[in-house]
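J.: here is the input, now give the coordinates:
(one chain, ligands or ions: 1)
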Amino acid sequence: MKVESPLTFRTTLPELEGYFRPKSLDEALSLLSELGERAKIYAGGTDLLIDMRLRNIGNKVVVDIKEINELRGIREEGDSIFIGATTTIHEIKTSSLIASRLPLLKQVVERFADQFIRTRATVGGNLCNASPAADTPLALLIYGSEVEIASVAGRKRVPIKDFFKGVKRTILAPGELVTGVRVPVPQGRQRVKYLRFDRSSEDLMIVGIAGAVFEGREPGDFEFSLSYGAVAPTPLLFKGLQDAYKRGGADEVLKIVKEKVSPISDVRASKEYRMHLVEVGTRLIIKELLGGV
Ligand SMILES: Cc1cc2nc3c(=O)[nH]c(=O)nc-3n(C[C@H](O)[C@H](O)[C@H](O)COP(=O)(O)OP(=O)(O)OC[C@H]3O[C@@H](n4cnc5c(N)ncnc54)[C@H](O)[C@@H]3O)c2cc1C
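T.: Numbers count the residues shown, from 1 in each chain. The predicted structure follows:
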């Protein structure tokens, strides 16, 4: 369905070639297939409108996916929770299902921007924008989530650890759309912690560190994972750190982490300060979740 561009588009985004607001997923996928590289998917617009104003993207036809019901909502499906791509960060933050089953994701969205941004920003947009400083990937990586992708050719699921390719780059091809993310719910007890170092809650993180201990069936059996934001071109995941921790505590864990992190200096912080936060934050999380330093 082609509709009139909102006034703001005409006044501030003169390079726009067209604006579509499909009502169903099938309609959206046909449009994306037809338009190919000319299409730009629009969800909450909190990243996209800035990119457009800065003219980081060339002439594009905007496909607004906010009115597609199939892409919305949070529901339990077997041992997982499915979160539709256009579910907003506010909806995740206020969901009792997320609070009880995925407490790390709850902690992460509590630190996400301010109320104004949270009510527009979507989880799909947060993943597809592929910023190294995005918050939600840090929890979704630790839970071992899968990104669900659709195109006219069919549907597929991709482990989120394989979804990000670099700064602002994902594995998505023209014609593909993320329909949602499927998050397995840990079966045992979970202890979680999210630490976000930032200049203010409205700003992106300087460094973000998420940690989780998932307890196993046997006493003393647990899996320990960490994830890091804004210290490499993509969010970083370290799974199965319990053996390193048992061998040599936080020092041994940090040895593994530091081999992979490669922060840059930018307007928010120097790379040295980011490395310092990695060290301090990792030790704090280990102390809180495992009692050691
Ligand atoms: C003031 C401010 C503060 C912010 N603070 C934070 C913060 O604290 N933490 C944080 O992580 N981010 C933050 N952001 C960034 C932004 O709000 C998030 O990345 C947000 O989740 C993007 O979602 P959106 O729905 O607005 O995406 P959009 O801007 O609509 O889209 C972003 C990108 O993803 C693509 N896209 C969107 N949905 C899909 C889909 N379903 N399938 C395929 N491609 C898709 C779009 O084409 C575009 O390239 C902030 C932004 C602003 C302006």
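
J.: next, residue 221: phi, psi?
T.: Residue 221 has phi and psi values of phi -90, psi 120 when expressed as degrees, to the nearest 10.

J.: residues touching it, list them.
T.: Contacts for residue 221 (Cβ atoms under 8 Å, 6 or more residues apart in numbering) come out as residue 215. All C-beta spots, glycine's among them, are computed from the backbone N, C-alpha and C.

J.: all further residue positions should be reported with the first residue as 637.
T.: Yep, numbering from 637; the last one is residue 857 now.

J.: any idea how far it lies from the ligand?
T.: Distance of residue 857 to the ligand, computed by Cβ to the nearest ligand atom, to the nearest Å: 33 Å.

J.: likewise residue 670?
T.: Counting by Cβ to the nearest ligand atom, the gap from residue 670 to the ligand is 16 Å.

J.: and the closest residue to residue 820 other than its chain neighbours, bridged to which residues?
T.: Nearest-residue entry for residue 820: residue 716, 5.0 Å, with adjacent residues in sequence omitted and distances by Cβ to Cβ, 6 or more residues apart in numbering. Beta-bridge partners for residue 716, by DSSP bridges, are residue 713, residue 820.

J.: where does residue 716 land on pLDDT?
T.: The confidence metric pLDDT takes the value 98 at residue 716.

J.: next, count neighbours for the residue in the stretch 737-886 of the chain positioned nearest to the ligand.
T.: Proximity of the stretch 737-886 of the chain to the ligand (Cβ to the nearest ligand atom) peaks at residue 761, 2.1 Å away. Neighbourhood size, residue 761 [other Cβ atoms under 10 Å]: 25.

J.: how close does it get to residue 776?
T.: To residue 776, residue 761 is 14 Å away according to Cβ to Cβ, to the nearest Å.

J.: residue 900 too?
T.: In terms of Cβ to Cβ, residue 900 sits 23 Å off from residue 776.

J.: what residues does the stretch 737-886 of the chain have near the ligand?
T.: Taking Cβ under 6 Å from any ligand atom, the part of the stretch 737-886 of the chain that reaches the ligand is made up of 748-749, 753, 756-758, 760-762, 764-765, 770-771, 808, 813-814, 838, 840.

J.: if you set the cut-off to 5 Å instead, what comes out?
T.: Proximity of the stretch 737-886 of the chain to the ligand, by Cβ under 5 Å from any ligand atom, involves residues 748-749, 753, 757-758, 760-762, 764-765, 770-771, 813-814.

J.: in terms of neighbours, single out the busier of residue 900 and residue 776.
T.: When neighbours are counted by other Cβ under 10 Å, residue 776 comes out ahead of the other of residue 900 and residue 776, with 31 against 14.

J.: that one contacts residue 816, doesn't it?
T.: No - assessed by Cβ atoms under 8 Å, residue 776 is found out of contact with residue 816, at 11.2 Å.
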